[in-house]
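Asker: what follows is a predicted protein model with its sequence.
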Amino acid sequence: MKIKSADFVMSNSSVESCPSDPIPEYAFIGRSNVGKSSLINMLTERKSLAKTSGRPGKTQLINHFRINDNWFLVDLPGYGYARVSKKEKKT
Ligand SMILES: Nc1nc2c(ncn2[C@@H]2O[C@H](COP(=O)(O)OP(=O)(O)OP(=O)(O)O)[C@@H](O)[C@H]2O)c(=O)[nH]1
Ligand SMILES: [Mg+2]
């Protein structure tokens with residue numbers, strides 16, 4: 001799939017405040033520092049769309065990125081380090 005646009009939408013600390021748009025949403029779940037944010041940057045070919053770090057616990061919020069204006073990629077905090085707990089893939 002050609003990614004034509006990848007736009008940061010917002011960061012949230014609670015699932016309730018996340019976007020409610022009726023479009024598909026893909027999130028990656030995993031331990032801190034395994035490369036979830038890096039994977040999002042790789043897939044979208046945007047070097048610094050999702051913030052990454054060599055140290056665990058970089059992503060602490062639920063970050064929504066709107067792809068091609070019709071679906072979301074979601075960067076979640078990793079478990080093991082971040083204070084916010086993981087969120088299951090939400091549809
Ligand atoms: N060797 C190797 N390192 C990687 C790869 N992908 C990411 N990294 C490195 O792993 C570290 C963590 O990457 P992040 O993408 O910030 O990890 P994360 O899973 O988002 O971490 P949290 O935000 O803490 O949940 C960084 O130093 C990356 O450069 C990979 O494919 N291979
Ligand atoms: Mg991250």
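Answerer: Done, it's in. Ligands and ions are numbered 1, 2, ... in the order given.

Asker: bridged to residue 71, which residues?
Answerer: residue 67 (DSSP bridges).

Asker: how many residues are close by it?
Answerer: Taking other C-beta atoms under 10 Å as the criterion, the count of residues near residue 71 is 14. To be clear about C-beta, it is placed using only N, CA and C from the backbone, and glycine gets the same treatment.

Asker: who's in contact with it?
Answerer: Residue 71 makes contact with 23-26 under the criterion C-beta atoms under 8 Å, 6 or more residues apart in numbering.

Asker: could you dump the residues you listed to TSV with distance to residue 4?
Answerer: Shown next, in TSV, are those (distance: C-beta to C-beta, whole Å):
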residue	distance to residue 4
23	15
24	16
25	18
26	17
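
Asker: could you dump those into a markdown table with distance to residue 80 and neighbour count added?
Answerer: Listed next are these as a markdown table, based on distance: C-beta to C-beta, whole Å; neighbours: other C-beta atoms under 10 Å:
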| residue | distance to residue 80 | neighbour count |
| --- | --- | --- |
| 23 | 30 | 13 |
| 24 | 27 | 12 |
| 25 | 23 | 16 |
| 26 | 21 | 14 |
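
Asker: closest to ligand 2 among these?
Answerer: Proximity of the contacts of residue 71 to ligand 2 (C-beta to the ion) peaks at residue 26, which lies at 14.9 Å.

Asker: my read: that closest one touches residue 66, true?
Answerer: No - look at residue 26 against residue 66 with C-beta atoms under 8 Å: they stay out of range, at 11.9 Å.

Asker: pull up the overlap in contacts between these two.
Answerer: With C-beta under 8 Å, 6+ apart, residue 26 and residue 66 have common neighbours residue 72.

Asker: so which helix or strand of the chain has the lowest pLDDT on average?
Answerer: Least confident helix or strand of the chain, by mean pLDDT, DSSP states H and E, is strand 25-28 with a mean of 94.
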